[in-house]
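Chemist: Any chance you can model this:
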Amino acid sequence: MKHSKSINAMNFSRRQFIGTMASAAAFTIVPRHVLGGVGYTAPSDLPNIAGIGIGSQGGGDIQNIATPDVPIQRRAGSSGMLMQPYGGIRPARGGFFPGGGGTPPAGGGQRPAGGAVANSNSPIQMGDAGQGTFKHANIYALCDVDHDYAGHIMAGYPKAKKYHDFREMIDKEKEIDGVLIGTPDHCHAVIASYAMNAGKAVFVEKPMAKTIYEVRYLRDLAKKTGVVTQMGNQGHNAEGSMQTVEWIRAGAIGNVREVHMWSNRPMWKQGYFPRPDAQPIPDNLKYDLWLGPAKEAPYNAECVHFAWRGLWDYGTGAMGDMGAHTFDAPIWALDLGMPTKIQATTTPFNDVYLPLSEFVEYEFPARGNQPPVKVTWSDGGIKPARPSALEADRALRECLYIGDKGMIMHGTHGAAPEFIPKNPDFKEPAKTLPRPKSIYVDWVEAIKEKRKAANDFEVAAKLTEIMLLTNIAVAAQQLNITLEYDAEKMKITNCEEANNYFHYEYRNGWKLY
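Modeler: Have a look, this model is predicted:
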């Protein structure tokens, strides 16, 4: 949507201008083919989108909104981290059991080769990127605290206005219709709330926020402001997730009483490590902006740019990275509410890094005529027990449903559900759910159509709250109790200390807006 110019010496906003011209359309009809051919959409008919935090996943998201004007090539040397398999690599230093007499933990946590930064060519997930040239919206502005790390994306959209500070961008660029947020987890809520209060539609990568308090704040703010929202959970709009929901609701495996999920994450440093020593802040990084609401802490390259996921101060670990992609379908298919009980056991960790591997159990109560459900999550590559009915040479996939009439499993993002054992005679039930387009197109079209997106904050808040309860259980595990949760009061009822993890005190100068 273009900047408007004055009409008869009056300064109209862009929205006023469009409204004025729409009322005159009956007198100035111009065939679409005259403007640009069949199927052509004028840039002025498209929403203006700004990306915030675009060096990695956020840059991949942007490429699903519009094909880059210039082919994107990441600058050599701007990344250096090679993903290690999940088997565990002993760190060069640090990493001990608490009180373990100096014995390194088995597996020791994960240390990336080469140190610090993800070798990301901007991951592209389940959208239109790479499938020809398209433009669902205008990439109007791009914002990142490190223009070197994000430089490959900025170079791909040379017409976009460039910023370091999201507040300056949102305050100055009134033409922005929506912002896409791909920053580290700890900055999601402050940026989203600032944008929503400015009337901007918001797309936030998963997890929706870092704390449960933030999640509920954003959910309620979305209701208050009425802006279009979407969480970056690509599988929610994927065919496999919808098939799983329809099959289970149709009774394909009867009543489901158990669900078991696992992940090969983390693929970044986690475990019992000290915080890396301070290093000089590089000139290209606005480190104070990167820290955002998190507490003051010295810069080290191993704590920023992708590596942040494993640190309590900035990330939410394996569950924050992959939980949304795996937990979404069970919550949807079984109409799960909040768990009433949750407990965790993990490999060693401390107050700097999350553990290398976790096993977490959730108890969900009965819903109507549906029985209670026990759900388990394991990460660090540890899988649930292999069902005896799973045929040889078939891998156990990331989510397993056990019903009283059979079993279904699927991959992350709800991918390709299948029966255990195979059931070639299964007749798929009717497709009863709407099939929205990718979460990117769905969000853009929701902005244009002034409607809700499929995975808006009302939907995403429940999923994210359940995900974040995982880390509260992890933090409380040494108390040797099963946490009991009262979702209505947002309170752990049998462990007051655990309630300290529902939020944290922001650094001076930062707040939820």
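Chemist: Look up how far residue 452 lies from residue 484.
Modeler: With distances taken as CB to CB, to the nearest Å, residue 484 is found 33 Å from residue 452. Every C-beta, even on glycine, is put in place using the N, C-alpha and C of the backbone.
Chemist: do the same with residue 196
Modeler: When distance is defined by CB to CB, residue 196 is 14 Å away from residue 452.
Chemist: who has more neighbours, these two?
Modeler: For residue 196 versus residue 452, the count of surrounding residues by other CB atoms under 10 Å is larger for residue 196: 23 against 17.
Chemist: Name the residues of the helix or strand containing the more buried one that come out as buried.
Modeler: Assigned by DSSP states H and E, residue 196 belongs to helix 188-197. For helix 188-197, burial by neighbour count (16 or more other CB atoms under 10 Å) applies to 188-196.
Chemist: Mind checking what helix or strand follows it in sequence?
Modeler: Per DSSP H and E, the first helix or strand lying C-terminal to helix 188-197 is strand 201-205.
Chemist: so what does that next one touch, helix or strand wise?
Modeler: The contact analysis (3 or more CB pairs under 8 Å, 6 or more residues apart in numbering; DSSP states H and E) places strand 201-205 against helix 57-63, strand 178-181, helix 188-197, strand 229-232, helix 439-449.
Chemist: List the strands paired with that strand, with their directions.
Modeler: In the sheet, strand 201-205 lines up against strand 178-181 (parallel), strand 229-232 (parallel) (DSSP bridges).
Chemist: chain center to the last one: distance?
Modeler: Yep, that's strand 229-232 we're talking about. Strand 229-232 has its C-alpha centroid displaced from the chain centroid by 8 Å (CA atoms, centre = their mean, to the nearest Å).
Chemist: Now do the strands in the stretch 251-400 of the chain.
Modeler: 256-262, 341-346, 358-364, 373-378, 399-403 (DSSP state E, counting those that start in this stretch).
Chemist: Ok, which of these comes nearest residue 387?
Modeler: strand 399-403 (7.2 Å; CB to CB).
Chemist: List the strands paired with the very next helix or strand once past that closest one, with their directions.
Modeler: Sequence-wise, the next helix or strand downstream of strand 399-403 (DSSP H and E) is strand 406-410. Using DSSP bridges, the strands paired with strand 406-410 are strand 399-403 (antiparallel), strand 418-420 (antiparallel).
Chemist: for the record, mean pLDDT for the last one?
Modeler: What it means is strand 418-420. Across strand 418-420, pLDDT averages out at 98.
Chemist: Also the longest one?
Modeler: The average pLDDT within strand 399-403 is 98.
Chemist: what angle do it and strand 373-378 make?
Modeler: Per axes from the mean of the first three to the mean of the last three CA atoms, to 10 degrees, the angle that strand 399-403 makes with strand 373-378 is 160 degrees.
Chemist: And the contacts of strand 399-403?
Modeler: Outside strand 399-403, the residues that touch it by CB atoms under 8 Å, 6 or more residues apart in numbering are 244, 248, 252-261, 326, 329-330, 333, 384, 387, 407-412, 414, 420.
Chemist: Next: stretch 307-321.
Modeler: Outside stretch 307-321, the residues that reach it (CB under 8 Å, 6+ apart) are 81, 110, 112, 116-118, 184-186, 206-207, 210, 263, 265-266, 268-270, 275, 294-295, 297, 301, 303, 351-355, 358, 360, 377, 379-380, 467-468, 470-471, 474.
Chemist: which one is residue 295 nearest to, not counting chain neighbours?
Modeler: Spatially, and ignoring its direct neighbours in sequence, residue 295 is nearest to residue 507 (5.9 Å; CB to CB, 6 or more residues apart in numbering).
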